[in-house]
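# dropping a prediction and its sequence here:
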Amino acid sequence: MHPYRTHTCNELRLEHAEQNVRISGWVYHKRDHGGILFIDLRDHYGRTQVIVNPETPFFEKCSEVRLESVLTVTGKVVAREPNMINPDIVTGEIEIVAENIIFESESQITPIYLAGESEDVGPEELRLKYRYLDLRRESLHRNIMLRSRVIAFLRKKMESLGFNEFQTPILTSSSPEGARDYLVPSRLHPGKFYALPQAPQIFKQLLMVAGFDKYFQIAPCFRDEDARADRSPGEFYQLDIEMSFATQEDVFAVVEEVLHDTFKEFSTDKVSDTPFIRIPYREAMLKYGTDKPDLRIPIEMCDVSDVFLNSGFGAFAKAVANGAVVRAIPVKNIKGRPRSFFDRLESYAKEIGAKGLGYLVWDTDRIRGPIAKFMSEEELAELAGRGGMEDGDVMFFMCDAPDAAARIASEIRLKLGRDLDIIEKGTFRFCWIVDFPMFERDEETGDIIFSHNPFSMPQGGMEALLEKDPLDILAYQYDVVCNGVELSSGAIRNHRTDIMVKAFEIAGYDENDVYDQFPALSNAFKYGAPPHGGIAPGVDRMVMLIAGADNIREVITFPMNQRAQDLMMSAPASVSEKQLRELHIKMRAKNVTPENAKQDDVAE
RNA sequence: GGGAGCGUAGCACAAUUGGUUAGUGCACCGGACUGUCGAUCCGGAGGUCGCGAGUUCGAGUCUCGUCGCUCCCGCCA
């Protein structure tokens, strides 16, 4: 007999009755009746009830052993009496009568409570410090397994579509664009640093130049950014994709198939049919106030600035004349809501930076509300037409600078979705956001700058760069969004150095800057570069959506906390003076030495 | 860098307008119990109410500061 197990804790059924078996696992639960002791033994696969009788030599020890200790149990499988069957677990029709028990590894009292999949999961700080315990919990264990299966599925899918997986360097050079880099000092080259890649962007484009045609990688990406609920600090993974001789539609077709099939495979929820709908960036900003709209909420906003410009509502009219906009949020059938509902919404709006929140109520044969008296019949009729207003509907109004109005209106739309409970359930609504602007104006300096990444091909190519107002030029740049979560950004790349130089020129750089900042790419493009494009859906976010988790840490094995610390491994940590000397590094911050940095390390 | 929320036993939470000895459940320790499956019953131990200052006859509760965590803004080509 195998020293540890003949079966897993999820394998034994009625048909195994009377067999002698051996299982190993953790003590999940104990129920001690004095004369009889039940132990639920748990492993990766499931759990099985073990019976310990008082006449056995190990009975005493079993009644004392702590939860989460590891045991090997040998005994006979016995069918349970009908009234003793536990229908909640698949091994519930049998139990094992223990004939021998080996105590492989005993547990101390665990700092977090694991038994009984309760909602009380304990404080995040302890969960992160004792991650290996937290990972034993069924829900987290299930999420991590889901992630493993999703990644395996993605690989299989990509390979079936003719893509090849390549590794790219982890130690590379800092790129001038984008987020803050994580830097790694060089020992051999004093004063020089490697950077961890924010994404394998340049490498994957170079693989296209090298002729590999279709690339993918489950790629680690490192960015020194602050955390969010859907953004773990430090590192994350992307399904990085690049393809040669491809149009935007070719990229969409691949991504739609991969995302649709993956979500279908691992979720019972509805998934948008392909092709996913495409929403131009400017339309998204107008209708949803954001470039990552949650399409499960049946509210579409519209612009009504012109209606208010000459209206009797002085506050808005004056603001619009000075460049503000008015965004309307029409909501179906909520006229019956109490005054407090509207008051709460307004105070929420003010909390997030709104100056106020006007509204009109279409109430049987009249239109009422705080601003109704300022508006003419014609203006009210125009508003009704724009929002498709019917009896019972309410239209909210936000007046502010375009950016602020969009941001606040977007937040209010989300809050309305939640508070009114009108977010469609059990569905993944995908969309593409397309036609991002190539350039935008820097709010502070007034300069023209790249909106997204400078590698994107402008729509209309060189001609557009030469002839159009830079702010009107769109890029072959796209995002894929699901339920309000930005899953991915991508672009058809600019593979022509002449167009790249011109684009950089518009953004205030000269030709040399292109070669200085992106030497590998701009050199490579001199030797025959295929037209190419790609995208990189975030794996963590994908799994988070499929798992229905509300926090990205729930789908990462060993995540860091919000301040980018690994409480389990005590990272980041101070290093010795010797290590620093080898790397030619001297502490610069006042009063920071290796010694007192060490005192500040995450505690044991 | 900024804003909001939270911080009471190992864990989850409670404590009337500021008012006596800060409670309950789980976990832990002791005891009882031969059919439980979040076992049950009896008993016990466990607290610098994050930390510091202030207001007050009196602070877990109010004020200020500070630290920590989470969420958000900035940031994320």
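Thanks, I have it. Numbers count the residues shown, from 1 in each chain, chains lettered A, B, ... in the order given.
# can you tell me the closest non-neighbouring residue to A:R180?
A:D224 (3.8 Å; CB to CB, 6 or more residues apart in numbering). Any C-beta I mention is one placed from the backbone N, CA and C, and that applies to glycine too.
# separation between that neighbour and RNA strand B?
Distance of A:D224 to RNA strand B, given as CB to the nearest atom of the strand, to the nearest Å: 8 Å.
# ok, A:D269 next?
Distance, A:D269 to RNA strand B, by CB to the nearest atom of the strand: 22 Å.
# and for the nearest residue to that residue once chain neighbours are set aside, the neighbour number?
Nearest residue to A:D269 in three dimensions, chain neighbours excluded: A:G426, at 4.7 Å (CB to CB, 6+ apart). A:G426 has 9 neighbours, counted by other CB atoms under 10 Å.
# not including adjacent chain positions, what is the nearest residue to A:K415?
Nearest non-adjacent residue to A:K415, counting by CB to CB, 6+ apart: A:Y348, 6.1 Å away.
# and stretch A:358-371, which residues are buried?
The neighbour-count check on stretch A:358-371 (16 or more other CB atoms under 10 Å) flags A:358-363, A:367, A:369-371 as buried.
# max pairwise distance over the residues you listed: which two?
Among these, the pair separated by the greatest distance (CB to CB) is A:G358 and A:D363, at 15.8 Å.
# any residue of the longest helix seen in chain A touching RNA strand B?
Criterion DSSP state H: the longest helix present in chain A is helix A:138-160. No. Taking CB under 7 Å from any atom of the strand as the criterion, helix A:138-160 and RNA strand B are apart, separated by no less than 12.1 Å.
# average pLDDT across that helix?
Mean pLDDT, helix A:138-160: 95.
# just the CA coordinates for it, please, in PDB.
Backbone C-alpha positions of helix A:138-160 (Å, rounded to 0.1, in the frame of the first residue of the first chain) are rendered in PDB as follows:
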ATOM      1  CA  GLU A 138     -12.200  26.600  -0.500                       C
ATOM      2  CA  SER A 139     -13.200  29.800  -2.300                       C
ATOM      3  CA  LEU A 140      -9.600  31.000  -2.700                       C
ATOM      4  CA  HIS A 141      -8.400  27.600  -3.600                       C
ATOM      5  CA  ARG A 142     -11.100  27.400  -6.200                       C
ATOM      6  CA  ASN A 143     -10.200  30.800  -7.700                       C
ATOM      7  CA  ILE A 144      -6.500  29.800  -8.100                       C
ATOM      8  CA  MET A 145      -7.500  26.600  -9.700                       C
ATOM      9  CA  LEU A 146      -9.800  28.500 -12.000                       C
ATOM     10  CA  ARG A 147      -6.900  30.700 -13.000                       C
ATOM     11  CA  SER A 148      -4.700  27.700 -13.700                       C
ATOM     12  CA  ARG A 149      -7.400  26.200 -16.000                       C
ATOM     13  CA  VAL A 150      -8.000  29.500 -17.700                       C
ATOM     14  CA  ILE A 151      -4.400  29.900 -18.500                       C
ATOM     15  CA  ALA A 152      -4.100  26.400 -19.800                       C
ATOM     16  CA  PHE A 153      -7.200  27.000 -22.000                       C
ATOM     17  CA  LEU A 154      -5.800  30.300 -23.300                       C
ATOM     18  CA  ARG A 155      -2.600  28.500 -24.300                       C
ATOM     19  CA  LYS A 156      -4.500  25.800 -26.100                       C
ATOM     20  CA  LYS A 157      -6.800  28.300 -27.800                       C
ATOM     21  CA  MET A 158      -3.900  30.500 -29.000                       C
ATOM     22  CA  GLU A 159      -2.000  27.500 -30.300                       C
ATOM     23  CA  SER A 160      -5.000  26.300 -32.200                       C
END
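# what's the per-residue pLDDT of the residue nearest to A:L161 when sequence neighbours are not counted here?
Nearest residue to A:L161, sequence neighbours excluded (CB to CB, 6+ apart): A:V254, at 6.1 Å. A:V254 is assigned a predicted lDDT (pLDDT) of 97.
# and A:V254, how many residues sit next to it?
Neighbours of A:V254 (other CB under 10 Å): 21.
# same check, this time on A:R180
If you count neighbours by other CB under 10 Å, A:R180 ends up with 13.
# what of the one 5 residues further on?
Taking other CB under 10 Å as the neighbour definition, A:P185 ends up with a count of 16.
# could I get the contacting residues of the residue nearest to it when sequence neighbours are not counted?
Once flanking residues are discounted, A:P185 sits nearest to A:L583: 4.2 Å by CB to CB, 6+ apart. Residues counted as contacts of A:L583 (CB atoms under 8 Å, 6 or more residues apart in numbering) are A:185-187.
# what do you get for A:I334?
By CB under 8 Å, 6+ apart, the contact list for A:I334 reads A:341, A:392-394, A:420.
# show me the residues you listed that map onto helices.
Short answer: these in helices (DSSP H) are A:F341.
# residue contacts, A:P530?
Applying CB under 8 Å, 6+ apart to A:P530 gives the contacts A:208-209, A:211, A:244-245, A:495.
# make it 6 Å
A:208, A:244-245 (CB atoms under 6 Å, 6 or more residues apart in numbering).
# how about A:V326?
Each residue near A:V326 by CB under 6 Å, 6+ apart is listed here: A:304-305, A:308, A:316, A:397, A:399.
# how far away is it from A:L295?
24 Å (CB to CB, to the nearest Å).
# coming back round to it: how far away is the residue nearest to A:D269 from RNA strand B?
To RNA strand B, A:G426 is 22 Å away according to CB to the nearest atom of the strand.
# A:G358 too?
23 Å.
# which SS class is the nearest residue to that residue once chain neighbours are set aside?
Closest residue to A:G358 apart from its sequence neighbours, by CB to CB, 6+ apart: A:F397 at 4.1 Å. The local conformation at A:F397, judged by DSSP: H, G, I helix; E, B strand; the rest coil, is strand.
# wait, what's in contact with A:F397?
A:326, A:328, A:358.
# reformat the residues you listed as TSV; add pLDDT.
Formatted as TSV, those follow (pLDDT from 0 to 100):
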residue	pLDDT
A:V326	91
A:A328	92
A:G358	86
